[in-house]
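Got a predicted structure plus its sequence, pasted below:
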Amino acid sequence: MSRLVLKSPAKINLFLKVLNKRNDGFHNIETLFQRVDLCDQITFQTNSSGNIKISSDHRDVPCGKKNLVYQVYALLKKEHKAVKGVDVKIDKFIPVAAGMAGGSSNAASALIGFNKIFDLGLSSAQLLAYARMLGSDIAFFLYDTNWAVGTGKGDQIRPLDIGVKLWQVVVVPCVKVYSAEVYKAHNLQLTKRNDDVNILIYNLKKKDINAVGSLLQNDLEDAIIRICPKLLRLKEALKLFDTQGVMISGSGPSVFGLTRSQCEAQKTATEMLKRYTRVYVVRTR
Ligand code: ATP
């Protein structure tokens, strides 16, 4: 029997441009992914049951077929005889349904983990193909990089070599926002500025936090705020503190404020904790 423990990190999108709607109903986007140091921990332990058993310390994490880790297992088991029984324990630290891609990250960890413990010998290209079958955000987590541009559905990944470590305060309000609903509500005519993600990347490489803060972009923000107007108040509250820029991450509802230092992030978090329960200080991994 073998055992493997993996960290499964969250992401924040610093830039998200919606380009157009595709024939398959999804949208083509251009996004900048940042991997942050807020991580789940996943423990894989092979067993003799011939099946998967998922457990989690978080009540909102489904332990059956709805769990993306289960779906990865089912997909691999169908095609590879070497896939046997396994216990998977998910210690959740990434807020669930927040737009930080916790489930997608867990799915990527499962692809990497099952490939190792069952000795499947799958190549990076094969793992990527499986990732794309299950969701758009999974691919990014298969790359050993903290930064990447995602195009297509967000699953075409170009890793970036950026050395800066950013501090951010993330606030996750207790509201549900569904990605499909957000994309439906997004008006493509409103695709905002003609900003180029390369200008943001250039300033990240220069470590110009001020410029980075002013270049944050999320085309989905208007739609998200229309669905959930409370988020505007949250954004305004974060702007009152030492933040260089405030933005909703992905399709929400998490809102992050970029700060110049850990100290500023911590002070802002202390203030936000007076009104919100899910507040996190995170840094680029
Ligand atoms: P994304 O940004 O990829 O759209 P998210 O961060 O908004 O995802 P997740 O935390 O991934 O949201 O959870 C979304 C839903 O997915 C949850 O409500 C949960 O029912 C389901 N889910 C499936 N697998 C997992 C998992 N391993 N961890 C957390 N949620 C999961």
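That came through, no problem.

now the strands: where do they sit in the stretch 51-200 of the chain?
In the stretch 51-200 of the chain, the segments counted as strands under DSSP state E, counting those that start in this stretch are 52-56, 85-91, 147-151, 156-160, 167-171.

closest to the ligand out of those?
strand 85-91 (5.8 Å; Cβ to the nearest ligand atom). Using the backbone N, CA and C atoms, a C-beta is placed for each residue, glycine as well.

Buried ones in that closest one, by neighbour count?
86-88, 90 (16 or more other Cβ atoms under 10 Å).

Dump those residues to TSV, plus distance to Gln71 and pLDDT.
Output for the buried residues of strand 85-91, formatted as TSV (distance: Cβ to Cβ, whole Å; pLDDT from 0 to 100):
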residue	distance to Gln71	pLDDT
Val86	14	98
Asp87	17	98
Val88	12	98
Ile90	14	98
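
Of those, which is the nearest to Gly121?
Of all the buried residues of strand 85-91, Gly121 sits closest to Val86, with 17.4 Å by Cβ to Cβ.

Asn47 versus the residue of the stretch 1-150 of the chain found nearest the ligand, what's the distance?
Here the stretch 1-150 of the chain gets closest to the ligand at one residue, Gly103, 2.6 Å apart by Cβ to the nearest ligand atom. Plainly put, Gly103 is 23 Å away from Asn47 if you go by Cβ to Cβ, to the nearest Å.

And Asp219, by the same measure?
46 Å.

and if you look at Asp195?
In terms of Cβ to Cβ, Asp195 sits 50 Å off from Asn47.

And for Asn218?
Distance, Asn218 to Asn47, using Cβ to Cβ: 43 Å.

follow-up on the earlier one: and Gly103 and Asn47? which has more neighbours close in?
Here Gly103 and Asn47 are compared on neighbour count by other Cβ atoms under 10 Å; more neighbours surround Gly103, at 24 against 13.

which residues sit against the helix or strand in which Asp222 is found?
Assigning secondary structure by DSSP states H and E places Asp222 in helix 221-227. With contact meaning Cβ atoms under 8 Å, 6 or more residues apart in numbering, helix 221-227 is reached by 177, 181-183, 185-187, 190, 231-232, 247-248, 251-253.

Would you show me how to pick out the buried ones of these in ChimeraX?
In ChimeraX, a selection of the buried entries from the contacts of helix 221-227 looks like this (16+ other Cβ under 10 Å):
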select :177,182,183,186,231,247,248,251,252,253
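
between the contacts of helix 221-227, which is closest to Ile29?
For the contacts of helix 221-227, the nearest to Ile29 is Tyr183 (9.4 Å; Cβ to Cβ).

Show me which residues of this protein are close to the ligand?
The chain comes close to the ligand at residues 61-62, 66-69, 90, 96-104, 106, 137, 179, 250, as judged by Cβ under 6 Å from any ligand atom.
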